[in-house]
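In: Have a look at this prediction, sequence included:
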Amino acid sequence: MDTTVKLTTKEYDQHITGGTPSNDEILIDQGMYQRIIGKLLYLTVTRPDIAYSVETLSQFLLQSHMNAALRIIRYIKGKPSQGLLMSSSKKDTLTTHCDADWAACALSRKSITGFIIKLGDSFVSWKSKKQSTGSRSSAESEYRSLVSTIAELTWLNGLIKDLGVQLQLPVTILSDSKATLQITANPVYMRQQNTSR
């Protein structure tokens with residue numbers, strides 16, 4: 001997707017421009033757009049590089065969104081070898097990268113959570129999703145992203161144990177938020193949070 005374009009609804013655009021009609025029109029053939037998005041959603045099973053873009057486009061039905069969907073299709077046609085590749089080397093370590101984009105949704109001002117979990121050198125789980133509630137700070141949205149990642153790790157760890165694979169612990173979680181890392185590393189803060197509930 002073009003990173004300079006923020007996709008919104010027609011009503012939102014008219015509200016921001018003070019009632020001036022926008023040039024963006026509602027799609028005439030909405031079924032075709034929905035079929036394209038459905039196929040792209042299916043493709044995200046092996047193409048984590050398009051997960052965020054497809055998740056964003058699945059919320060809208062305007063001509064600019066169709067143009068963005070066609071741009072993703074052109075990208076896929078131009079990069080057929082960018083799919084998910086599994087490593088043949090056996091490693092028993094889980095590594096996670098997680099991040100959040102604070103107030104990224106122009107309509108709801110909700111943050112976007114994203115994470116990738118690797119078993120050895122192979123991707124085994126990934127997610128890009130709008131958070132269910134709004135965050136007051138970037139540290140809070142990063143913390144919510146970290147919590148979502150840990151929930152996925154807990155489930156994945158149980159699944160891998162059920163398959164009879166032993167993992168090296170602890171699991172490495174990489175985040176770019178110093179505030180979130182300090183919150184999770186401080187047991188005094190965590191105790192205060194638990195007693196205040």
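Out: Looks like it came in fine. Residues are numbered from 1 along each chain as shown.

In: tell me the domain boundaries of this structure?
Out: Domain assignment of the chain by automatic domain parsing yields the ranges 10-82, 93-186.

In: Tell me which of these is the most buried.
Out: Of all those, domain 93-186 has the most neighbours on average by mean count of other Cβ atoms under 10 Å, namely a mean of 16. Yep, even glycine has a C-beta here, placed from its N, CA and C like the rest.

In: Helix or strand: which one has Lys129?
Out: strand 122-130 (DSSP states H and E).

In: which residues of this protein fall in strands?
Out: For the chain, the strands defined by DSSP state E cover 93-101, 112-119, 122-130, 168-174.

In: Next, format those as a markdown table and append distance to Glu152 and mean pLDDT.
Out: Below are the strands of the chain laid out as a markdown table (distance: least, Cβ to Cβ, whole Å; pLDDT from 0 to 100):
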| stretch | distance to Glu152 | mean pLDDT |
| --- | --- | --- |
| strand 93-101 | 8 | 90 |
| strand 112-119 | 7 | 89 |
| strand 122-130 | 6 | 86 |
| strand 168-174 | 11 | 89 |
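
In: Quick one: closest of the ones you listed to Glu25.
Out: strand 122-130 (25.1 Å; Cβ to Cβ).

In: Name the strands paired with the closest one and say parallel or antiparallel.
Out: If you go by DSSP bridges, strand 122-130 pairs up with strand 112-119 (antiparallel).

In: So what's the residue count around the nearest residue to Leu167 once chain neighbours are set aside?
Out: Nearest non-adjacent residue to Leu167, counting by Cβ to Cβ, 6 or more residues apart in numbering: Asp92, 5.3 Å away. By other Cβ atoms under 10 Å, 12 other residues sit near Asp92.

In: measure Asp92 to Arg144 for me?
Out: 29 Å (Cβ to Cβ, to the nearest Å).

In: Wait, Leu43 touches Asp49, no?
Out: No - between Leu43 and Asp49 there is no contact under Cβ atoms under 8 Å: 10.3 Å.

In: Please look at Met153 and Thr96 and confirm they touch.
Out: Check again: residue 153 is Leu, not Met. Yes - applying Cβ under 8 Å as the test, Leu153 and Thr96 come out as touching, 6.2 Å apart.

In: Between these two, which contacts overlap?
Out: Ile117, Val171, Ile173 (Cβ atoms under 8 Å, 6 or more residues apart in numbering).

In: OK, contacts around the residue nearest to the first one when sequence neighbours are not counted?
Out: Nearest residue to Ile117 in three dimensions, chain neighbours excluded: Ser125, at 4.2 Å (Cβ to Cβ, 6+ apart). By Cβ under 8 Å, 6+ apart, the contact set of Ser125 is Phe115, Ile116, Ile117, Glu152, Leu156.

In: and if we set it to 6 Å?
Out: Neighbouring residues of Ser125 by Cβ atoms under 6 Å, 6 or more residues apart in numbering: Ile117, Glu152, Leu156.

In: And for Leu27?
Out: Tyr33, Leu61, Met66.

In: Turn those into TSV, including pLDDT and distance to Trp102.
Out: Shown next, in TSV, are these (pLDDT from 0 to 100; distance: Cβ to Cβ, whole Å):
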residue	pLDDT	distance to Trp102
Tyr33	89	29
Leu61	80	26
Met66	89	28
